[in-house]
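**Student:** structural data only, the sequence is not supplied:
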């Protein structure tokens, strides 16, 4: 891990708003919040999701996207205006120094006053491409699947107040074998075919989010 302690660059929240002409709603356009915000079991006060089937819930209470990836996407998307500041990927937490190859499923962090545990990577959907106005060979979603620049989610073990500038500090590491990068490649990136035993092990990993344990079980069959 590059660092066991990083500082939160931005804390962002948002509520569902019209996203597409067909009436589809999304809360992906989150905005920075000043001052402390209460973090509870289902996320930050003032934050919400539109698609409660695929987003939200205790295992996806907080979305963290590494600011470390922004230079890659700026080059890839020709300096897209959304990439000039945190929030382009709908994240709640932006920080530099924790990326998918560093952090593990089950890593437990002190986040401001709260205690959180890393539960899963973020599986991208079409809304990312729509937000950036790309498709086909320019697809950000496909590039995330290929490169595992996915970001990750936390569940909340202890509620508390969090704000921009607070420290995110590792207090209890998860199992060494299960970095977010590896788990994402196994369950989303197609690597399960080469490592069936690893996928079977993931189906029984208690720290892994329930929906990804279910996915691992299905892929192992």
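**Tutor:** Thanks, I have it. Because the structure is a prediction, the values reported are computed rather than measured.

**Student:** which residue ranges of the protein form helices?
**Tutor:** 70-76, 126-132, 140-147, 180-187, 196-202, 210-220 (DSSP state H).

**Student:** quick one: these as JSON lines, columns for distance to residue 155, mean pLDDT and mean neighbour count too.
**Tutor:** In this view, the C-beta of every residue, glycine as well, is placed from N, C-alpha and C. Formatted as JSON lines, those follow (distance: least, C-beta to C-beta, whole Å; pLDDT from 0 to 100; neighbours: other C-beta atoms under 10 Å):
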{"stretch": "helix 70-76", "distance to residue 155": "25", "mean pLDDT": "97", "mean neighbour count": "15"}
{"stretch": "helix 126-132", "distance to residue 155": "22", "mean pLDDT": "94", "mean neighbour count": "18"}
{"stretch": "helix 140-147", "distance to residue 155": "22", "mean pLDDT": "97", "mean neighbour count": "18"}
{"stretch": "helix 180-187", "distance to residue 155": "14", "mean pLDDT": "98", "mean neighbour count": "24"}
{"stretch": "helix 196-202", "distance to residue 155": "17", "mean pLDDT": "96", "mean neighbour count": "17"}
{"stretch": "helix 210-220", "distance to residue 155": "10", "mean pLDDT": "96", "mean neighbour count": "17"}
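
**Student:** next up, phi/psi of the residue nearest to residue 160 when sequence neighbours are not counted, please.
**Tutor:** Distance criterion C-beta to C-beta, 6 or more residues apart in numbering; nearest residue to residue 160, sequence neighbours excluded, is residue 113 at 2.9 Å. The phi/psi pair for residue 113 (degrees, to the nearest 10) reads phi -80, psi -20.

**Student:** returning to what we had before: please convert the helices of the chain to JSON lines, extending it with distance to residue 30.
**Tutor:** Shown next, in JSON lines, are the helices of the chain (distance: least, C-beta to C-beta, whole Å):
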{"stretch": "helix 70-76", "distance to residue 30": "15"}
{"stretch": "helix 126-132", "distance to residue 30": "11"}
{"stretch": "helix 140-147", "distance to residue 30": "17"}
{"stretch": "helix 180-187", "distance to residue 30": "21"}
{"stretch": "helix 196-202", "distance to residue 30": "29"}
{"stretch": "helix 210-220", "distance to residue 30": "22"}
